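S.K.: Return atomic coordinates for the entry below.
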Amino acid sequence: KIWLGQKKSCWRWYEEDMLDCCAMDLEVVREVGICLTDFHFLAKCQGVTIQSWYASDVSVEQFRDAVRLACCERRDDVISVSADSDSSSSSNSISSHDRVQPKTYLVTHYNRGTLHQTGTGHFSPVAAYDERSDSVLILDTARFKYGPHWVKLELLYEAMTCIDPNCKLS
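M.R.: So this is what the prediction gives:
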């Protein structure tokens, strides 16, 4: 399940069965997974503004800049999300019951094997960046398998450059 910080519809939680609006065969998705282009399509179908890049098209420095943008830099593009589950409005004043969340999130598609984990292609968000160790905190979407974990940025970049056997792209 994926929690949505800001209610966009009557649903607050998403499950894979709810992704049928995009004309994707969920049985095929369960069997072979999805590529970055499919992820992009699913995000657009859910009303998300998304930009996608293949790791082969960006340098490790460009990736590091994207990590910094999503995790570190103070920006004006933040929204206030009320801790009250019935609130669906954004506001400029933040009370003690509100959290500030960035509008920019970074989700990576990488090969688990490169990180010495079981499995192959996987999507998970990057939650934090530690510049001193040049490491990122991955919030693994398969929490039952791997909890949040720190990975060296260059190792994650290497894992992102592996060619996906289904799409033939990195």
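S.K.: Check this protein for its longest strand and report it.
M.R.: Longest strand in the chain, counting residues (DSSP state E): strand 121-130.
S.K.: Could I get the buried residue list for it?
M.R.: Gly121, His122, Ser124, Pro125, Val126, Tyr129 (16 or more other Cβ atoms under 10 Å). Backbone N, C-alpha and C define where each C-beta goes, glycine included.
S.K.: residues in contact with the longest helix along the chain?
M.R.: When the chain is parsed with DSSP state H, its longest helix is helix 60-71. Contact partners of helix 60-71, identified using Cβ atoms under 8 Å, 6 or more residues apart in numbering, comprise 55, 58, 75, 102, 104-106, 126-129, 131, 134, 136, 153-154, 157, 160.
S.K.: and the angle from it to strand 121-130?
M.R.: Put simply, helix 60-71 runs at 70 degrees to strand 121-130, going by axes from the mean of the first three to the mean of the last three Cα atoms, to 10 degrees.
S.K.: what sits against Gln117?
M.R.: Lys145, Tyr146.
S.K.: Pretty sure it sits in a helix.
M.R.: No - assigned with DSSP: H, G, I helix; E, B strand; the rest coil, Gln117 falls outside any helix and is coil.
S.K.: Kindly give the local confidence score, pLDDT, for it.
M.R.: Here, the pLDDT recorded for Gln117 equals 90.
S.K.: now the one 3 residues further on
M.R.: On the pLDDT scale, Thr120 is placed at 86.
S.K.: That one against Arg112, yeah?
M.R.: Yes - in terms of Cβ atoms under 8 Å, Thr120 counts as a neighbour of Arg112; the distance is 6.1 Å.
S.K.: Can you show me the strands along the protein?
M.R.: Going by DSSP E, the chain shows strands at 2-3, 13-14, 78-82, 98-102, 106-111, 121-130, 135-138, 149-152.
S.K.: Give me the average confidence score over the fifth one.
M.R.: pLDDT averaged over strand 106-111 equals 90, rounded to a whole number.
S.K.: The longest helix of the chain vs strand 106-111, what angle?
M.R.: Using the same axes, to 10 degrees: helix 60-71 against strand 106-111 is 140 degrees.
S.K.: just checking, Asp130 touches Trp150?
M.R.: Yes - assessed by Cβ under 8 Å, Asp130 is found in contact with Trp150 at 7.3 Å.
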